[in-house]
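Q: sharing a model prediction with you, sequence too.
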Protein chains: 2
Amino acid sequence: MRYSKLFGKTKNQTPHDENSINAKLLLQAGFIDKVSAGIYNFLPLGLRVLKNINEIIRQEMNAVDGQEILMPCLHPIELWTTTGRDKTMDEILYRTKAGDKEFVLGPSHEETVTPLAQKFTTSYKDLPFSIYQIQTKFRNEPRAKSGLLRGREFGMKDMYSFHTSEKDLDQYYDRVKDAYLRVYSRCGLTAYPMAASGGAFTQNLSHEFGIKTAAGEDTMIVCKECNVAQNAEIVDEKNKSKCTKCGSDLIEEKAVEAGNIFKLGTKYSESFNMKFVDETGKENYVIMGCYGIGTTRLVGTIVEASHDEKGIIWPKTVTPYQVHMISIGLNEDILKESEKLYEELMAAGIEILYDDRSESPGKKFNDADLIGIPLRIVVSEKTLKEKSVEFKERTGKEARLISIEGAKQEILNFYK
Amino acid sequence: MRYSKLFGKTKNQTPHDENSINAKLLLQAGFIDKVSAGIYNFLPLGLRVLKNINEIIRQEMNAVDGQEILMPCLHPIELWTTTGRDKTMDEILYRTKAGDKEFVLGPSHEETVTPLAQKFTTSYKDLPFSIYQIQTKFRNEPRAKSGLLRGREFGMKDMYSFHTSEKDLDQYYDRVKDAYLRVYSRCGLTAYPMAASGGAFTQNLSHEFGIKTAAGEDTMIVCKECNVAQNAEIVDEKNKSKCTKCGSDLIEEKAVEAGNIFKLGTKYSESFNMKFVDETGKENYVIMGCYGIGTTRLVGTIVEASHDEKGIIWPKTVTPYQVHMISIGLNEDILKESEKLYEELMAAGIEILYDDRSESPGKKFNDADLIGIPLRIVVSEKTLKEKSVEFKERTGKEARLISIEGAKQEILNFYK
């Protein structure tokens, strides 16, 4: 992609009305645009990152036998009165009407997934199964001040599993917990599963995933030795110095909560009377689990966890492009060689953002650091004299010259 | 995918509360599930088709330099009062509130895309560009009785282009019209662009695309010779027999409208005061076009256009799986050979739905016809005696035996 043609360029100034690091950097670098508090447009760069994250999540959910579906945003109010969450979650619900038909904009999908799953569940032979979607959620958050970390409209992967027994749920729950850790790890994040209370969502056991960041909304207490972590909010003062498991020192880490998993048990199957016939012919309630990751929140979390004073530092796995190429100088040779290399790298399947503008070198370098692609390549009169290009990692201190001929292979090696 | 494990199986009965062919077949075959009138769940099979269609659209929009973005569903009401469409489209608008902040659920995105594009447009040098999204739309349709053809919540690709002149818009508009025809053709559909009035969306020139179907909501008048088509509603009675262009006979065809393109001109740029500075330093309003295809509607349209009395017939390009494999009989050899072939075909990258259930052959054959995958392969005692499998096209009358060894190549050839 030629940067001159890209929709959504960098801005010279940090936005005034955003406090969070993720919103500041993503807005200034041209990844997102603000529509209203907690409501954003995703521009081409931002959408590319979001899609990379979605694809990682999709692969890991498929690997634990999740089947992808797509449920609607509009939920008939009757589904929510059935569970009573029209009252318990009233504060954050967006509601709408069509004639005398009332709807809730889904903040979560237990109310739609349970009756759906019920239609295809009769016997124990139909169980277990697990279905998920990557979809838009709506929550009227009282404070939507953290950029993509707390949106009023946001992307989410929500998965729901259905079982014949607690034991089967427990085993599946642990598989998904591991899958979640793989998602975070593949996104370049350090995540800790923390036993937590489930809030309005459940009375039962749940975990949230704390992502280590320099600054975060939450604080977690982490054991230096055994990596057990807990949300500081639910830890007694007296348990804040030594690990209850191994006795080692505990440290406080700032964190962003970027995922939740819940053992729902029979809460929703009882509400909707979702039963199955077991091997003895007896009817039982289906046992459920649910598993959520905010996908747009994860974009923000990655920025919170991975940036420096110059801008974003994208992990290789989610970067919008693999290479940020800059041409310096406008003489014909430089343009010709840059074009040639651009075409050659694209032909090799390398995703490349080519800054072909007639801006100053300083502006181009600053924009590259702000945008945060892991690899930068510079073509200039100086490098061409050596039949080379400058090769610099976003996190590296020094640039080095590599031959133009070898550039393709160096890039492929970097991403291997 | 093993059919025994697939979420969303066929139903024995046609749904009672649906009149349209697309809803009846898609519901019975396990592609979708109804939540409320005009609101559906997409099950794994349905979502696979939708994703194939989305990918075809994405490729064709990228090919005309469209850049993909993602705008929100929640639109601040102020954007809609700015254009006055809060009044002109009032009937179909879903509205919601958060505190005293009012929102519209986007039935279309001119009101969000114009202020967004404005932020990145100053000079003629920033133009032209074209941005699109594949996103959920909300329209409170008074009659939502046509399954996926007229949804209250539905998927849509909407693209918006921005130009310095009418002439530039005209050229781009024609490019997109051709891209649309490629989309339909790749989806196995016969489409006619028809000049049309734009309804609430525009006062200016527009086209809708009529898809030829056995039964459809609309009627189009098509010239047998020059393929010019017009919506019957806007054709004078006296012009309904001979083509005004070439004088040949006209015929009536049932059609589904499956896309619209509009020359918006300066309607929205005037509302939002979106201007650019031209080469002489003068300020002008930006000229806009917009281009919509209902993506979920296209799933329904394909079913309307391509089915028989036994079920759906998916075009090769959008089929949820490439091969529907059936094993008949439960003896060990049959199961072993079926498993082996299933694994081998998957390893070759072939997408295969394997009906491994212990259902009767009749049930399995009927389900395969209902689901509509273009190719069926049967493994039975009879075929194994010949070291063969039965190979049948969904639209073919006869099955034929092909060697197990050669099956992979035959399938690859079929999809080449």
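A: Structure received. Numbering: from 1, shown residues only, chains lettered A, B, ... in the order given.
Q: next up, phi/psi of A:Q171, please.
A: phi -60, psi -40 (degrees, to the nearest 10).
Q: and it, what's its pLDDT?
A: We have a pLDDT of 97 for A:Q171.
Q: and A:I313, by the same measure?
A: Reported pLDDT at A:I313 in the predicted model: 98.
Q: that one touches A:T395, doesn't it?
A: Yes - between A:I313 and A:T395 there is a contact at 6.0 Å, judged by C-beta atoms under 8 Å. C-betas here are computed from N, CA, C, even on glycine.
Q: quick one: which of these two has more around it?
A: A:I313 (20 against 10; other C-beta atoms under 10 Å in any protein chain shown).
Q: any idea how far that one is from chain B?
A: Distance, A:I313 to chain B, by C-beta to the nearest C-beta, to the nearest Å: 23 Å.
Q: likewise for A:G216?
A: Relative to chain B, A:G216 is positioned 25 Å away (criterion: C-beta to the nearest C-beta).
Q: can you tell me the helix or strand for that residue?
A: A:G216 is part of no helix or strand when elements are defined by DSSP states H and E.
Q: shared neighbours of A:I313 and A:T395, which are they?
A: In terms of C-beta atoms under 8 Å, 6 or more residues apart in numbering or on different chains, A:I313 and A:T395 are both contacted by the residues A:P374.
Q: tell me the secondary structure at the closest residue to chain B within the stretch 251-400 of chain A.
A: Nearest to chain B, among the residues of the stretch 251-400 of chain A, is A:T296, at 9.3 Å (C-beta to the nearest C-beta). Look at A:T296: counting by DSSP: H, G, I helix; E, B strand; the rest coil, its state is helix.
Q: can you tell me, leaving aside adjacent residues, what's nearest to it?
A: A:G155 (4.2 Å; C-beta to C-beta, 6 or more residues apart in numbering or on different chains).
Q: wouldn't that neighbour be in contact with A:T136 here?
A: Yes - with contact defined as C-beta under 8 Å, A:G155 counts as touching A:T136 (6.2 Å).
Q: quick check: bridge partners of A:Y94?
A: With DSSP bridges as the criterion, A:Y94 is bridged to A:L105.
Q: and for it, the neighbour number?
A: For A:Y94, the count of nearby residues is 22 (other C-beta under 10 Å).
Q: quick check: it touching B:G99?
A: No - taking contacts as C-beta under 8 Å, A:Y94 lies outside contact range of B:G99: 11.2 Å.
Q: who touches both of those two?
A: Overlap of the contact sets of A:Y94 and B:G99 (by C-beta under 8 Å, 6+ apart) consists of A:N140.
Q: OK, contacts around the closest residue in space to A:S165 that isn't next to it in sequence?
A: Leaving aside its sequence neighbours, A:S165 sits nearest to A:I287 (C-beta to C-beta, 6+ apart; 6.3 Å). By C-beta under 8 Å, 6+ apart, the residues touching A:I287 are A:F162, A:H163, A:T164, A:S165, A:E166, A:D168, A:L169, A:G265, A:T266, A:S269.
Q: state the distance from the third one to A:N22.
A: It stands for A:T164. From A:T164 across to A:N22, the span is 42 Å (C-beta to C-beta, to the nearest Å).
Q: the first one too?
A: Using C-beta to C-beta, one gets 35 Å for the distance from A:F162 to A:N22.
Q: could you check which of A:T164 and A:N22 is surrounded by more residues?
A: A direct count of neighbours by other C-beta under 10 Å for A:T164 and A:N22 places A:N22 higher, at 26 against 19.
Q: does the more buried one touch A:L298 like I think?
A: No - judged on C-beta under 8 Å, A:N22 makes no contact with A:L298 at a distance of 10.5 Å.
Q: mind checking how far the residue nearest to the spatial centre of chain A is from A:I57?
A: Among the residues of chain A, A:L298 comes closest to the average C-alpha position under C-alpha atoms, centre = their mean, at 2.5 Å. Look at A:L298 and A:I57: by C-beta to C-beta, they are 8 Å apart.
Q: which one of the contacts of A:I287 is nearest chain B?
A: Nearest to chain B out of the contacts of A:I287 is A:F162 (C-beta to the nearest C-beta; 9.6 Å).
Q: list the contacts of the closest one.
A: A:A117, A:T121, A:L127, A:P128, A:F129, A:S130, A:V286, A:I287, A:M288.
Q: among those residues, which are located in strands?
A: Among the contacts of A:F162, the members falling in strands (DSSP state E) are A:F129, A:S130, A:I287, A:M288.
Q: pLDDT score for A:K5?
A: Per-residue confidence for A:K5 comes out at a pLDDT of 97.
Q: what number of residues lie near it?
A: 13.
Q: ok, now A:E390?
A: 18.
Q: bridging residues for it?
A: A:V378, A:L401.
Q: same check, this time on A:A191
A: Per DSSP bridges, the residues bridged to A:A191 are A:I211.
Q: tell me how far it lies from A:D174.
A: Using C-beta to C-beta, we find A:A191 at a distance of 15 Å from A:D174.
Q: more crowded one of those two?
A: Under the criterion of other C-beta under 10 Å, the comparison of A:A191 against A:D174 puts A:A191 first, with 23 against 11.
Q: now A:H75: closest residue in space, sequence neighbours ignored.
A: Leaving out its chain neighbours, the residue that sits closest to A:H75 by C-beta to C-beta, 6+ apart is A:V104, at 4.7 Å.
Q: the one you found - how many residues pack around it?
A: A:V104: 26 surrounding residues under other C-beta under 10 Å.
Q: averaging pLDDT per element, find the lowest-scoring helix or strand in chain A.
A: Here the helix or strand of chain A ranked lowest by mean pLDDT, DSSP states H and E is strand A:229-231, holding a mean of 84.
Q: that strand: which residues count as buried?
A: Within strand A:229-231, the residues scored as buried using 16 or more other C-beta atoms under 10 Å in any protein chain shown are A:A229, A:Q230, A:N231.
Q: where in the stretch 1-150 of chain A is pLDDT low?
A: Filtered on pLDDT under 70, the stretch 1-150 of chain A yields no residues whatsoever.
Q: if you set the cut-off to 80 instead, what comes out?
A: Filtered on pLDDT under 80, the stretch 1-150 of chain A yields the residue ranges A:144.
Q: break down it into its helices, ranges please.
A: For the stretch 1-150 of chain A, the helices defined by DSSP state H, counting those that start in this stretch occupy A:21-28, A:44-63, A:77-83, A:85-88, A:110-119.
Q: tell me what the longest strand out of those in chain A is packed against?
A: If you go by DSSP E, chain A has its longest strand at strand A:250-265. When contacts are defined as 3 or more C-beta pairs under 8 Å, 6 or more residues apart in numbering or on different chains; DSSP states H and E, strand A:250-265 packs onto helix A:166-186, strand A:191-196, strand A:206-212, strand A:218-223, strand A:287-294, helix A:295-305.
Q: can you show me the CA trace of it as CSV?
A: Output in CSV follows, covering the C-alpha atoms of strand A:250-265 (Å, rounded to 0.1, in the frame of the first residue of the first chain):
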residue,chain,number,x,y,z
LEU,A,250,4.2,-11.0,45.8
ILE,A,251,4.5,-8.0,43.6
GLU,A,252,2.0,-5.6,42.3
GLU,A,253,1.6,-5.2,38.5
LYS,A,254,-0.6,-2.8,36.6
ALA,A,255,-2.9,-4.7,34.3
VAL,A,256,-5.6,-4.5,31.8
GLU,A,257,-8.4,-7.1,32.0
ALA,A,258,-8.7,-8.6,28.5
GLY,A,259,-10.9,-11.6,28.8
ASN,A,260,-13.3,-13.5,31.0
ILE,A,261,-14.3,-17.1,31.3
PHE,A,262,-17.3,-18.4,33.3
LYS,A,263,-18.7,-21.6,34.5
LEU,A,264,-22.4,-20.7,34.1
GLY,A,265,-23.7,-24.1,35.3
